[in-house]
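K.L.:
build me a model from this:
(one chain, ligands or ions: 1)
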Amino acid sequence: MAGDLILLTVPHGAKDNDRAAPAVGHALHRLLLGQGLKSALIISRSDRYTAIDMNRGHGRGTAFRSEVRRVIEEHSPRLHIDVHSFPDEIPRFGYQDIVLLHGFEHPDADKPLQDREFLVRYAKMLSNTPGVAACVQPSEYPNDVCQHAISLGMSRDRCILAEHNDDGDHDAYAVAHAAAIAQVLSMKVMVSGTETSQDRAREEMRYVGDTDEGYNPRTGPKFSVLHKNKVSLTPEERALVKERGAEWDCDHHRSAVFKSVVNGKTWYVTYTHRCYNVTATLKACIKRFHDFIKGTAESVA
Ligand SMILES: [Zn+2]
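P.N.:
Modelled structure (predicted):
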């Protein structure tokens, strides 16, 4: 049996990432607590464009994802809502208020990650709130927070990825979710879990967590400046890059790190076509390559 906790996650809660998502998460969390429900809200403040995209596989093992995992394992949440938001001008979301994304496990999976029928029902429940229009759409990229949650035992029909229009009424979105959640809780469910986790979930739950994985993308010069002032790595530095595996195997073992001197200061840079990280030491840069940059090479999201 599942516990009675509602889990809210905000993987893109950094400044200039999903602008409305933290506000929607907080508003919903407060409403649920006000309704006497148990709610856990976990927000990542890590920048998805420069540090770690928490909704991809390489986010696993970070403080944010470890906390999500702990709550799922200890509380077997009744429902999990992964809260995101999008800019109003994105044509693919058709100027909706809330879009529920219908994820896939991997390209050749025979059934999608979430139960579409349930999502359609949930979208209808959301749309019962005046001024809120919700729909269901297929997801273009793997949504690793939900994938991981389901692999940890969350039911496919109780794990939702919800995108919210940045320019809409955040409080109305929270009201719509709270009303829909109340309806879902009254529905019969088949969810996995253990007696122990159910007992634990009965304990008082008022946890609100924000995590920040620490990398500050605003420390170094801009990429174009770094690239223009590129210098060679010393043989010792190049040897360390090789020894620690910071190379692009698919590209004749090209170094994944380059060095640059800007106004007398040395920087180390690692990048893909999608983003870059800059650090003051080579070792830190090699770590950024393994922790984040390398994982952005294949998913051009
Ligand atoms: Zn997002």
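K.L.:
what about the closest residue in space to Pro221 that isn't next to it in sequence, neighbour count?
P.N.:
Closest residue to Pro221 apart from its sequence neighbours, by CB to CB, 6 or more residues apart in numbering: Val262 at 4.8 Å. Placement of C-beta: from N, CA and C, glycine included. Residues contacting Val262 under the criterion other CB atoms under 10 Å number 15.
K.L.:
now do the contacts for Val262.
P.N.:
By CB atoms under 8 Å, 6 or more residues apart in numbering, the contact set of Val262 is Pro221, Val225, Leu226, Asn229.
K.L.:
kindly report the same for Leu5.
P.N.:
Contacts of Leu5 (CB under 8 Å, 6+ apart): Lys38, Ser39, Ala40, Val71, His75, Ser76, Pro77, Arg78, Ala201, Met205.
K.L.:
wait, doesn't the third one sit right on Arg70?
P.N.:
So that's Ala40. No - the pair Ala40 / Arg70 is not scored as a contact, 9.9 Å apart, by CB atoms under 8 Å.
K.L.:
more neighbours: the two, which one.
P.N.:
Between Ala40 and Arg70, Ala40 has the larger neighbour count (other CB under 10 Å), namely 26 against 12.
K.L.:
now that one, which residues is it bridged with?
P.N.:
Beta bridges link Ala40 to Leu7, judged by DSSP bridges.
K.L.:
count the neighbours of the residue of the stretch 51-200 of the chain found nearest the ion for me.
P.N.:
Closest residue of the stretch 51-200 of the chain to the ion, CB to the ion: His84 (3.3 Å). His84: 25 surrounding residues under other CB under 10 Å.
K.L.:
and whichever strand or helix holds it, which strands flank it?
P.N.:
Using DSSP states H and E, His84 falls within strand 79-86. Under the criterion DSSP bridges, strand 79-86 sits next to strand 5-10 (parallel), strand 159-165 (parallel) in its sheet.
K.L.:
next structured bit after it?
P.N.:
Assigned by DSSP H and E, the successor of strand 79-86 is strand 98-102.
K.L.:
so that following strand versus strand 159-165, what angle?
P.N.:
140 degrees (axes from the mean of the first three to the mean of the last three CA atoms, to 10 degrees).
K.L.:
pretty sure Leu100 is touching Cys146, no?
P.N.:
No - using CB under 8 Å as the test, Leu100 is too far from Cys146 to be in contact (11.0 Å).
K.L.:
okay, and the common contacts of the two?
P.N.:
Ile160, Leu161.
K.L.:
before we move on, back to that, out of the strands paired with strand 79-86, nearest to Arg92?
P.N.:
Proximity to Arg92, assessed across the strands paired with strand 79-86 by CB to CB, is greatest for strand 159-165 (10.2 Å).
K.L.:
close to the ion: what parts of this protein are there?
P.N.:
His12, Asp18, His84 (CB under 5 Å from the ion).
K.L.:
who touches the last one in this structure?
P.N.:
By CB under 8 Å, 6+ apart, the contact set of His84 is Val10, Pro11, His12, Asp18, Ala21, Asn55, Leu161, Ala162, Glu163, His164.
K.L.:
number of nearby residues for the last one?
P.N.:
Going back to what we said before, that points to His164. 30.
K.L.:
ok, now how distant is the closest residue to it other than its chain neighbours from Ile72?
P.N.:
Excluding its sequence neighbours, the residue lying closest to His164 (CB to CB, 6+ apart) is Ser85, at 4.4 Å. Remark: distance between Ser85 and Ile72 (CB to CB, to the nearest Å) = 23 Å.
K.L.:
now do His12
P.N.:
His12 is 19 Å from Ile72, by CB to CB.
K.L.:
check Asp171 too.
P.N.:
Distance from Asp171 to Ile72, by CB to CB: 28 Å.
K.L.:
between the two, tell me which one has more neighbours.
P.N.:
Neighbour tally, Asp171 and Ile72, criterion other CB under 10 Å: the higher count belongs to Ile72, 25 against 14.
K.L.:
what's the distance between that one and Gly295?
P.N.:
Ile72 is 22 Å from Gly295, by CB to CB.
K.L.:
next one: Pro22
P.N.:
Taking CB to CB as the measure, Pro22 falls 24 Å from Gly295.
K.L.:
who's more crowded, these two?
P.N.:
The neighbour count for Pro22 versus Gly295, taken as other CB under 10 Å, is higher for Pro22 (23 against 17).
K.L.:
tell me the SS of the more buried one?
P.N.:
With DSSP: H, G, I helix; E, B strand; the rest coil as the basis, Pro22 sits in helix.
K.L.:
nice, that's everything, thank you.
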